[in-house]
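Asks: Just to be clear, the model below is a prediction. Sequence and coordinates:
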Amino acid sequence: MRSQLKEKPIQTSQKYHTTVMGAIDQGKEIIKEAIRATQAGLVARIPVADEANLVVFQRALRAADVQRMLIQKGIRVEFYFPEPPVEQAKKAMLQVIRSASAEIQEIVFPVIPQDYADAEIALASAEVQQALNRRGITASLRRQGSQPEIIVASIDQVISGELDRYMRERGIGDD
């Protein structure tokens, strides 16, 4: 006697399906933007936050329109897990410290407000402090605006000291 039971398809909610498809579509757009920004023949590197995002990006990468763009431009896509911000800040600081010339006694690291907490942790880390101590360098952080300032001054303003006064008032340049 044959069983009358047939495999029942797995039921998923429409909301789940829509969310997953939305994530894949968003992943496709991120990949396409990376392809557009990458020179022909090079590798487009795309950071991913975690394994779940990696799976979404891998599915998006298999889409026909994305594959067509890759082939047309001769580009490969590579996904990677970026280092945590504190580690990135440590690496950047260590590079500056190690490449500083022998006469450097102090380094002031400019930091944008949203990165300040990570930079404080990085500067206080054992690795950075050891590198500073070995070189006899002191270091500090200076909070910068989110956009660099461009200051325009005439030659007369520079000669008269007006530019220096302006910069001192705003805490820009040498203290």
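Replies: Sure thing, it's come through. Residues are numbered from 1 along each chain as shown.
Asks: only C-alpha atoms for contact and neighbour calcs from this point on.
Replies: Will do.
Asks: What separation do you get for the nearest residue to residue 80 once chain neighbours are set aside and residue 119?
Replies: Excluding the flanking residues, the one nearest residue 80 by CA to CA, 6 or more residues apart in numbering is residue 47, at 5.0 Å. Residue 47 is 21 Å from residue 119, where distance means CA to CA, to the nearest Å.
Asks: Between those two, point out the one with more neighbours.
Replies: Counted by other CA atoms under 10 Å, residue 47 and residue 119 do not tie: residue 119 has more neighbours, with 25 against 13.
Asks: Surely residue 88 is within a helix?
Replies: Yes. Judged by DSSP: H, G, I helix; E, B strand; the rest coil, residue 88 forms part of a helix.
Asks: what about it, how many residues close to it?
Replies: Using other CA under 10 Å, residue 88 is surrounded by 14 other residues.
Asks: so how far is residue 169 from it?
Replies: Residue 88 sits 32 Å away from residue 169, going by CA to CA.
Asks: show me the contacts for residue 87.
Replies: The contact partners of residue 87, taken as CA atoms under 8 Å, 6 or more residues apart in numbering, are residue 122.
Asks: likewise residue 40?
Replies: Neighbour list for residue 40: 73-75 [criterion: CA under 8 Å, 6+ apart].
Asks: Extract the C-alpha set from the host helix or strand of residue 97 and format it as CSV.
Replies: Here residue 97 sits within helix 85-99, counting by DSSP states H and E. Provided in CSV are the C-alpha atoms of helix 85-99 (Å, rounded to 0.1, in the frame of the first residue of the first chain):
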residue,chain,number,x,y,z
PRO,A,85,36.9,50.8,15.2
VAL,A,86,39.2,50.7,18.2
GLU,A,87,41.5,48.3,16.4
GLN,A,88,41.5,50.6,13.3
ALA,A,89,42.3,53.6,15.4
LYS,A,90,45.2,51.7,17.2
LYS,A,91,46.7,50.7,13.8
ALA,A,92,46.5,54.3,12.5
MET,A,93,48.1,55.7,15.7
LEU,A,94,50.8,53.1,15.7
GLN,A,95,51.6,53.8,12.1
VAL,A,96,52.0,57.5,12.8
ILE,A,97,54.1,56.9,16.0
ARG,A,98,56.4,54.4,14.2
SER,A,99,56.9,56.7,11.2
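Asks: For it, list every residue counted as buried.
Replies: Neighbour-count burial for helix 85-99 flags 86-87, 89-90, 93-94, 97 (criterion: 16 or more other CA atoms under 10 Å).
Asks: Give me the secondary structure label for residue 166.
Replies: At residue 166 the chain is in helix, as set by three-state DSSP.
Asks: quick revisit: could the buried residues of helix 85-99 be laid out in TSV, adding distance to residue 159?
Replies: Output for the buried residues of helix 85-99, formatted as TSV (distance: CA to CA, whole Å):
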residue	distance to residue 159
86	42
87	43
89	38
90	39
93	35
94	37
97	34
